[in-house]
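> Show me how the following folds:
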Amino acid sequence: MISNENAPLGFNVVILAVLFGVDEKIFGIRFRGGYTIERLSLVPSISHLDEVFSVEAIELRRLFETAVIDDRLNVACACKKMYFEFHKKSDEDLSEKVNKIINEELICLDNQIRAVRLLTESPIRFKDFVFEANAKNNFTYKSKVPIREGNISLSELSSWDNIRIDYINSNLDRIVFPFKNQLLNQCHILYDLSYHQLTPASSLLLLVICLEILFLDNESSGKEPLAKRCSIFISSNQQEAIEIHKNIITLYRKRSKFVHEGIIDKITKQDILLLREYVRRSLLKWLEDGYTKSELIKSLKERVSSSQYFINKA
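Residues are numbered from 1 along each chain as shown. Here you go, the predicted structure:
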């Protein structure tokens, strides 16, 4: 008689996270790593999300009502189903194995959410990550991981159209975190944090620091070199470069007013969206072109000096 003592224990896993800051366009994005975007209901009798998140119906509404995408109380959820086996005599404890899988899946989903935010302006995020593993012997392992995502109030919903959806789907694979270039990696961390700040002033500081990291060196400082280099780098024509330069000068002055005088009432939501656009475009172009900072600064200094875009050369 063959013993089943060493037979593996199989687990069917369901992973789910409710997405915030999205609308119907989210269903056009093709997530990687086995994740799909599904439409589920906050009405307990329909999708049973109260059981999934282990909360009462009233608490379910309180937690996720701001994620609702239509008038039927539906939300968009990132979902994944998978299977793994646990060998009883493995050196690895079941809890350790499960925690390792949870950590890997959290990173996989979070990196895709952050990549979408980098590829196109978007406040997409998730708050709770539920992992449930069920074995054939009725053993269940369930974990709900809270995510420290702030109230992203500077953008109400993702501003996607079909062109941007296609762009995301075509480029999602090439955004791999962490970036090999540590300068870009640190800059992106600050960029991403700007989504989670509760005030426009704190977001503005983070984003200006991003531009300083990218476009200033030890020999230069201040708004003029930064504004000229950034505008030359990301613009496609003279008119756009002049407009970007003017905007960065204005935004840098607001930063200085805040830092030196504590004046924050002039900092607006539109300021943050504009700054984030400049940082985002700079990061993506830098990633695509593969510069080192010294190479880029040298090139930009030469381009600024030889250009006819600005009255004052620097």
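
> Give the closest residue to residue 145 in space, chain neighbours not counted.
Residue nearest to residue 145 in three dimensions, not counting chain neighbours: residue 129, with 4.4 Å by Cβ to Cβ, 6 or more residues apart in numbering. (C-beta placed from N, C-alpha, C; glycine too.)

> In this structure that neighbour contacts residue 15, no?
Yes: using Cβ atoms under 8 Å, residue 129 is in contact with residue 15, at 7.2 Å.

> per-domain residue ranges of this structure.
9-146, 178-306 (automatic domain parsing).

> Wasn't residue 176 part of a strand?
No: secondary structure of residue 176 (DSSP: H, G, I helix; E, B strand; the rest coil): coil, not part of a strand.

> coming back round to it: give me the three-state assignment for the residue nearest to residue 145.
Following three-state DSSP, the label given to residue 129 is strand.

> Check what pLDDT it gets.
If you check residue 129, the pLDDT there is 93.

> ok so, going back, for residue 163, find the nearest of the domains of the chain.
Residue 163 lies closest to domain 9-146 among those, at 9.6 Å (Cβ to Cβ).

> chain center to the closest one: distance?
Counting by Cα atoms, centre = their mean, to the nearest Å, domain 9-146 is centred 17 Å from the centre of its parent chain.

> State the distance from the closest residue to residue 14 other than its chain neighbours to residue 37.
Leaving aside its chain neighbours, residue 14 sits nearest to residue 132 (5.1 Å; criterion: Cβ to Cβ, 6+ apart). Residue 132 sits 19 Å away from residue 37, going by Cβ to Cβ, to the nearest Å.

> try residue 83
21 Å.

> I'd like the C-alpha coordinates of the lowest-mean-pLDDT helix or strand in the chain written as CSV, please.
Least confident element among the helices and strands of the chain, by mean pLDDT, DSSP states H and E: strand 140-146 (a mean of 87). Provided in CSV are the C-alpha atoms of strand 140-146 (Å, rounded to 0.1, in the frame of the first residue of the first chain):
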residue,chain,number,x,y,z
THR,A,140,-8.2,28.1,5.0
TYR,A,141,-5.4,30.7,5.4
LYS,A,142,-6.7,34.3,5.0
SER,A,143,-4.8,37.6,5.3
LYS,A,144,-5.9,41.2,4.8
VAL,A,145,-3.0,43.6,4.3
PRO,A,146,-3.7,47.3,4.7
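
> Can you tell me the strand partners of it and which way each runs?
Counting by DSSP bridges, the strands paired with strand 140-146 are strand 128-135 (antiparallel).

> Give me the residues contacting the partner strand.
9-18, 52-53, 63, 84, 98, 101-102, 105-106, 109, 140-147 (Cβ atoms under 8 Å, 6 or more residues apart in numbering).

> about what we covered before: any idea how many residues pack against the residue nearest to residue 14?
17 (other Cβ atoms under 10 Å).

> repeat for residue 273
15.

> For it, grab phi and psi.
Phi and psi for residue 273, reported as degrees, to the nearest 10, are phi -60, psi -40.

> Which pLDDT does the model give it?
91.

> From residue 230, how far off is it?
As judged by Cβ to Cβ, residue 273 and residue 230 stand 16 Å apart.

> Residue 189 too?
19 Å.

> Could you check which of these two is surrounded by more residues?
A side-by-side neighbour count of residue 189 and residue 230, using other Cβ under 10 Å, places residue 230 first with 24 against 15.

> right, and the more buried one touches residue 213 too?
No: using Cβ under 8 Å, residue 230 is not in contact with residue 213, being 11.5 Å away.
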